[in-house]
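Student: task: produce atomic coordinates for the following.
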Amino acid sequence: MSVTKEPFGNEYTLYTITNEKGTQAKVTDLGGTLVSLLLQDKNETMRDVVLGYDTPEEYRANGFFFGAWVGRSGNRIDKAKFELDGKVWQLPVNDNENNLHSGLEYFHLRRAQVTACTENSVTFEIQDAHLRQGFPGNFTGTVTYTLTDDNTLKLKYTAQCDQDTVCNMTNHSYFNLGGHDSGSILDTQLWMSCEAYTPVIDAQAIPTGEIRPVAGSAFDFTSPRTIGRDIEADDEQLAFGGGYDHNFVIGKDKGEVVRFAEAYQPKTGICMEVYTDLPGVQLYVGNFITKHKGKGAAEYDYRGGFCMETQYYPNSINQEGFAKPVLKAGQKFESVTCYKFSVR
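Tutor: A predicted model of the protein is given here:
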């Protein structure tokens, strides 16, 4: 195991974690972003399975959040405001009438401090001042990327704040198990244990508050099916999101780390299992990616990657019946998400 570093543009550093199999995870102090994940396919060809860019400038112009560490609150907050401890807090409006991924001063546009570096991990820290983007409290968040010899990429999040605040950090990597440059992910097979999802009110993607069973619907991945099998079904929810862009229910509350998903690409034989202790996951399949150049001059386009953003449910801070992503003053938040890769 080893961690090496090299310049990433003129201002930033790229850290490469390599395990005994030759698998490499590349992360940068530009926002604690996951830039690359290289592993062997069934033919022993190295494949980079996350979408991204070659330069910091491209990441700064990235409207799709490729590889982004998202904080302090991922996903959408209705009307860009919430009530906490009897006070209403106003956030920036940056997605229709709502707040998306905390506002416009995104984590992935800021410099993250490297606070620890071991033989197989790198820890990034971002400090968020009181009222930055409208959130209460002086907030410190970290993400640690650890690559193990069994090809697991573990993301551990921690946070502390001096006031009660919202904490719902996630990672927004787009995966393509055929390789980041291989085009559509619609033939990727997906299984999820999730027996329910949270339908949305309309195209603004705010949940209604309902926990809806997936059985018999286009949202039922409890038996493996390709992502594309039912994506064009006559379903109002699919029409709202232009495809899958919905939160699936893993559990009612934050709990033990569980395996809840497996994605598989037969062409490369690459399999990805996903584990988390968080109650939900946003399945987003790149419905709004527009054609442009990515790493190595690869052409990225519509539905060229899928995200599995582990999280508290969208707008959960405002929605009765949803677990609340509240970090109490002086307490420590911890959460783990793992992506485990194998070949078959």
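Student: for residue 207, give me its contacts.
Tutor: Residue 207 makes contacts with 198, 199, 200, 201, 247, 313, 314, 315, 319, 322, as judged by CB atoms under 8 Å, 6 or more residues apart in numbering. Bear in mind the C-beta positions are built from the backbone N, C-alpha and C, glycine included.
Student: can I have the buried ones of these as a PyMOL selection?
Tutor: The command below creates a PyMOL selection of those among the contacts of residue 207 that count as buried (16 or more other CB atoms under 10 Å):
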select buried, resi 198+199+200+247+313+314+315+319+322
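Student: now the contacts of residue 207 as a markdown table including pLDDT and secondary structure?
Tutor: As requested, the contacts of residue 207 are arranged in a markdown table below (pLDDT from 0 to 100; DSSP: H, G, I helix; E, B strand; the rest coil):
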| residue | pLDDT | secondary structure |
| --- | --- | --- |
| 198 | 98 | strand |
| 199 | 98 | coil |
| 200 | 98 | strand |
| 201 | 97 | coil |
| 247 | 98 | strand |
| 313 | 98 | coil |
| 314 | 98 | coil |
| 315 | 98 | coil |
| 319 | 98 | coil |
| 322 | 98 | coil |
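Student: adding distance to residue 113, write the contacts of residue 207 out as JSON lines.
Tutor: Below are those laid out as JSON lines (distance: CB to CB, whole Å):
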{"residue": "198", "distance to residue 113": "35"}
{"residue": "199", "distance to residue 113": "40"}
{"residue": "200", "distance to residue 113": "36"}
{"residue": "201", "distance to residue 113": "39"}
{"residue": "247", "distance to residue 113": "31"}
{"residue": "313", "distance to residue 113": "30"}
{"residue": "314", "distance to residue 113": "29"}
{"residue": "315", "distance to residue 113": "31"}
{"residue": "319", "distance to residue 113": "34"}
{"residue": "322", "distance to residue 113": "32"}
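Student: looking at the contacts of residue 207, which one is closest to residue 211?
Tutor: Closest to residue 211 out of those is residue 198 (6.4 Å), distances taken as CB to CB.
Student: can I assume the closest one is in contact with residue 250?
Tutor: No. With contact defined as CB atoms under 8 Å, residue 198 does not reach residue 250; the gap is 11.5 Å.
Student: list residues touching both of these two?
Tutor: Common contact partners of residue 198 and residue 250 (CB under 8 Å, 6+ apart): residue 280.
Student: buried sites along stretch 31-45?
Tutor: If you call a residue buried by 16+ other CB under 10 Å, then stretch 31-45 has these buried ones: 31, 32, 33, 34, 35, 36, 37, 38, 39, 40, 41.
Student: quick check: most distant residue from the centroid of the chain.
Tutor: Distance from the C-alpha centroid of the chain peaks at residue 86, with 30.5 Å (CA atoms, centre = their mean).
Student: per-residue pLDDT of that one, please?
Tutor: Predicted confidence (pLDDT) at residue 86: the value is 95.
Student: closest one of the contacts of residue 207 to residue 237?
Tutor: Nearest to residue 237, judged by CB to CB, of the contacts of residue 207 is residue 199 at 5.4 Å.
Student: and residue 196, what are its phi and psi?
Tutor: In this entry, residue 196 is assigned phi and psi values of phi -150, psi 160 (degrees, to the nearest 10).
Student: do you know the pLDDT at the residue nearest to it when sequence neighbours are not counted?
Tutor: Of all residues not flanking residue 196 in the chain, residue 249 sits nearest, at 4.2 Å (CB to CB, 6 or more residues apart in numbering). According to the prediction, residue 249 has pLDDT 98.
Student: I'd like to know how many residues surround residue 249.
Tutor: Number of residues near residue 249 (other CB atoms under 10 Å) recorded here: 22.
Student: residue 306 versus that one, what's the distance?
Tutor: If you measure residue 249 against residue 306 using CB to CB, to the nearest Å, the figure is 18 Å.
Student: can you check residue 38 too?
Tutor: Counting by CB to CB, the gap between residue 38 and residue 306 amounts to 18 Å.
Student: check residue 188 too.
Tutor: As for residue 188, its distance to residue 306 is 7 Å (criterion: CB to CB).
Student: among the buried residues of stretch 31-45, which one sits closest to residue 149?
Tutor: Taking the buried residues of stretch 31-45 together and measuring to residue 149 by CB to CB, the closest member is residue 39, at 12.3 Å.
Student: go ahead and confirm that closest one touches residue 45.
Tutor: No. Here residue 39 does not reach residue 45: they are 10.0 Å apart, not a contact under CB under 8 Å.
Student: chain neighbours aside, what residue packs nearest to residue 315?
Tutor: The shortest distance from residue 315 to any non-neighbouring residue, by CB to CB, 6+ apart, is to residue 78 (4.8 Å).
Student: need the contact list for that neighbour.
Tutor: When contacts are taken as CB under 8 Å, 6+ apart, residue 78 is in contact with 97, 98, 206, 315, 318.
Student: need the max-distance pair from those.
Tutor: Using CB to CB, the contacts of residue 78 reach their maximum pairwise distance at 97 and 318, which is 13.1 Å.
Student: so if I had to pick from those two, which one is more boxed in?
Tutor: Between residue 97 and residue 318, counting by other CB under 10 Å, residue 318 is the more crowded of the two (17 against 11).
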